[in-house]
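Chemist: Sequence below, structure please.
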Amino acid sequence: MLDIVLLPGEYAVCRLTGDSALPPTLTGGLREGDVVTVSWTADGISVICPADRAPEQAAVETAWRCLRVAGPLDLAVSGTLAALVDPMAAARVSVVAFSTYDTDYLLVPAVRLGEAVTALERAGHRVLA
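Modeler: Residues are numbered from 1 along each chain as shown. Now for the predicted structure:
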């Protein structure tokens, strides 16, 4: 069983061109509980952030809710993401997953949050608001 925390507010999944600079809205002044993650590839820059911090010049998909596994988690532990994603797949809830050094995160569509929470709870996890 995992304890999972529902973060406040909506999140956005964004795409910037590879030559973009990260705007100051992403790099400073995070509020308690906020998370921002940035990934660079040859195809561009992907950003996950609170919706109100989404870069203006980015292609943006909004209305996601963010769930954080209460951590920190030991990096040697395996199967954590599978324990979260498998119930979502069974409930047909889309997921965007990412990890930090300390824990794992899931984004689920805001309109499917109730179904996502139900699926996680049925799988034996506890979702905390």
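
Chemist: Neighbours of Ala54, how many?
Modeler: Ala54 has 23 neighbours, counted by other C-beta atoms under 10 Å. (C-beta placed from N, C-alpha, C; glycine too.)

Chemist: typo on my end, it should be Leu107
Modeler: Using other C-beta under 10 Å, Leu107 has 22 neighbouring residues.

Chemist: same deal with Glu121?
Modeler: Neighbours of Glu121 (other C-beta under 10 Å): 13.

Chemist: following the worst-scoring helix or strand of the chain on mean pLDDT, which helix or strand shows up next?
Modeler: Lowest by mean pLDDT, DSSP states H and E among the helices and strands of the chain is helix 24-27, with a mean of 82. Following helix 24-27 in sequence order, the next helix or strand is strand 37-41 (DSSP states H and E).

Chemist: Each with direction, which strands does the helix or strand that that next one is followed by pair with?
Modeler: Using DSSP H and E, the next helix or strand after strand 37-41 towards the C-terminus is strand 44-50. In the sheet, strand 44-50 lines up against strand 11-16 (antiparallel), strand 37-41 (antiparallel) (DSSP bridges).

Chemist: mean confidence for strand 44-50?
Modeler: For strand 44-50, mean pLDDT is 95.

Chemist: In CSV, list the C-alpha atoms belonging to that strand.
Modeler: Extracted in CSV, the C-alpha atoms of strand 44-50 (Å, rounded to 0.1, in the frame of the first residue of the first chain):
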residue,chain,number,x,y,z
GLY,A,44,12.5,19.8,-27.8
ILE,A,45,11.9,20.6,-24.1
SER,A,46,9.0,19.1,-22.1
VAL,A,47,7.8,20.9,-19.0
ILE,A,48,5.3,19.8,-16.4
CYS,A,49,4.2,22.6,-14.1
PRO,A,50,1.3,24.2,-12.3
